[in-house]
Structure formats: C-alpha cells, structure tokens
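Novice: Task: produce atomic coordinates for the following.
(one chain, ligands or ions: 2)
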Amino acid sequence: MKLRVNALEYLVDPPAERLLVDLLREDLHLTGTKRGCDDGSCGACTVLVDGAPQHSCLTLARLVSGRDVTTIEGVSPGRLSRLQRSLVETGGLQCGFCTPGMIIAALALLQRGTPSRDDILEAISGNFCRCTGYAKIVQAIERAAQEEGGR
Ligand code: FES
Ligand code: FES
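Specialist: Numbers count the residues shown, from 1 in each chain. Ligands and ions are numbered 1, 2, ... in the order given. Take a look at the predicted model:
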C-alpha cells in the first residue's frame, strides 16, 4: 500500500494487525510519535490523518492506505514552529513525553482559526500530561493562536 507521511510517499506492506504507531515508530523510524497507554487514553500517539487528529495506537496501518499522515517530525521540519517556541517560552513542557501528541492535537485546532479557551481545553482533553498541570500548555496554545495558524 502507499501512504504519505510528512509529505513523503512510502510503499509499505504491513501485516493486517500492524498498528499505525508501530509502522511509524518501527518501520519508518519516526519515533517522535510516542506510545503511552496503547488503549486510546493518553493521546501521546496522536497524529494527523488527512488533517484530523487520530490515535495511532488504535489505528490499523492498513486503514491509512492512500491517506496523508502528519507526525511531529512533519510539523515544522528544521525549525521550531510558533507553537513549539511558545511551549518553550511558557514552560509548557517538562519531560516532553506528551508534547508531540499535544502539539498535533493543538495544531488541528489552530488550523481551524482562533480558538477560545474552551476550544483549547476540548482539543487537548484526550492528551494527558503528568508534569505541567496544563495551565502553561493552554497559555502556550493561546499565545500561538495570536499568530496566524500557530505554525
Ligand atoms: S498510546 Fe495511543 S492514546 Fe495512549
Ligand atoms: S511534559 Fe511530561 S507528560 Fe507532559
């Protein structure tokens, strides 16, 4: 099957039971996507599929045949995106484990326009962070939203 990941085309032949998170991390070596709970609870494995956030730990790789996948590596290659800079500036990350999934979930929101605080809380409600207490993450997303697209 063919799929596009971060604007590159790949030809792969995953077994029927192969999960997207494993295809990305183990076959394509895109280890920025994290694997936390394996059951859809933590959001660490979130990627964009055709622009929509999706848990790659709950997605069979074969279901993304012909689709566009964006991982954290494809968000802003070679530089920090506005949102990434904002997270650094506000102290919105500590261990960083949740950060790729958090950024992907927030980007999907920012691409739809300027979000309210409730929109932000809703968008990251499936992403767990053990370290920051969320307030600084929300603040970072708000700051990024003040610039077009947050990217
Ligand atoms: S690893 Fe996918 S939601 Fe936690
Ligand atoms: S920064 Fe450590 S889990 Fe979020």
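
Novice: Buried residues of the host helix or strand of residue 89, list them for me.
Specialist: Assessed by DSSP states H and E, residue 89 sits inside helix 82-90. For helix 82-90, the neighbour count (16 or more other CB atoms under 10 Å) marks 82, 83, 84, 85, 86, 87, 90 as buried. Yep, even glycine has a C-beta here, placed from its N, CA and C like the rest.

Novice: Need the pLDDT of the nearest residue to residue 43 once chain neighbours are set aside.
Specialist: Spatial nearest neighbour of residue 43, chain neighbours left out: residue 127 (3.4 Å); criterion: CB to CB, 6 or more residues apart in numbering. Residue 127 carries a pLDDT score of 97 in this model.

Novice: repeat for residue 114
Specialist: Per-residue confidence (pLDDT) for residue 114: 89.

Novice: tell me which element the most centrally placed residue in the chain falls in.
Specialist: Nearest to the mean C-alpha position of the chain, by CA atoms, centre = their mean, lies residue 104 at 2.7 Å. Residue 104 belongs to helix 99-110 when assigned by DSSP H and E.

Novice: Tell me if stretch 19-31 is near ligand 1.
Specialist: No - against ligand 1, stretch 19-31 shows no contacts by CB under 6 Å from any ligand atom, the least distance being 6.6 Å.

Novice: Give the buried residues for that stretch.
Specialist: Buried residues in stretch 19-31 (16+ other CB under 10 Å): 19, 20, 21, 22, 23, 24, 25, 28, 30.

Novice: In contact with the fifth one, which residues?
Specialist: By that I understand residue 23. 12, 14, 61 (CB atoms under 8 Å, 6 or more residues apart in numbering).

Novice: likewise the third one?
Specialist: Residue 21 makes contact with 33, 35, 45, 56, 57, 59 under the criterion CB under 8 Å, 6+ apart.

Novice: Is residue 39 within a helix or a strand, and which one?
Specialist: Per DSSP H and E, there is no helix or strand for residue 39.
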